[in-house]
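# Predicted model, plus sequence, below.
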Amino acid sequence: MAGRGGLGRPRRAGTAAGGDRGAAWPVGHDPVSAPQAPLRFAGYAAIFDKRDSGGDVIRQGAFARSLTQRAERGERLPLYWQHRPDRRIGWIDAAIEDHRGLRVTGTIDASAGLPARALVTRAVNGLSFGYRVTAGHATPDGRELHAVDILEVSLVSRPMQPSARVHLAG
């Protein structure tokens, strides 16, 4: 990802995000510099009853037990960059099942660098999650998941569920 869209290269002051020197930002303003404070975000890590690109369908209630157990143990869900456990970039502050899916809110660390810039510039806006299946069954088209143990949420370039998206929150 570092080579696309200029995210991995420093940009000269006064150059717009697309590299067009005719559309300058105010002097001293770099739209893709690392945020100085943690970023708050919200979005859906999972969408219920829609088949993902791997053939899985998550059913409503699939996260309930895992989320309750984590809360009872006082465990926070980590936020990873592209499912890489060596790149924890923040934490999930709340994860709630609603009628649509698993809605999450969280914080990206100010020190996250590229992932934070990618979210700010909307170069990356997908969410995904890591899990273990605890109840489900195979179907002709994939799997139906009735209960999962959620392990992490990730900011990703290409979510398995195309509707699993994230946005900055106030």
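Great, that's in hand. Values in this document were obtained by computation on a predicted structure and should not be read as measured data.
# Identify each buried residue in the helix or strand of the chain with the lowest mean pLDDT, please.
Counting by mean pLDDT, DSSP states H and E, the chain has its least confident helix or strand at helix 114-120, which shows a mean of 91. Buried positions in helix 114-120, judged by neighbour count with 16 or more other CB atoms under 10 Å: Leu114, Pro115, Ala116, Arg117, Ala118, Leu119, Val120. From N, CA and C alone the C-beta is placed, and that goes for glycine too.
# just checking, what packs against the longest helix along the chain?
Taking DSSP state H as the criterion, the chain has its longest helix at helix 64-73. Packing partners of helix 64-73 (3 or more CB pairs under 8 Å, 6 or more residues apart in numbering; DSSP states H and E): strand 84-97, strand 126-139, strand 142-156.
# and this structure, what are its domains?
Domain ranges of the chain: 1-33, 39-168, per automatic domain parsing.
# bridging residues for the spatially closest residue to Gly136 that is not a sequence neighbour?
Leaving aside its sequence neighbours, Gly136 sits nearest to Leu145 (CB to CB, 6 or more residues apart in numbering; 4.2 Å). Using DSSP bridges, the bridge partners assigned to Leu145 are Ile58, Gly136.
# where does the protein dip in pLDDT?
Along the chain, segments meeting pLDDT under 70 span 1-35.
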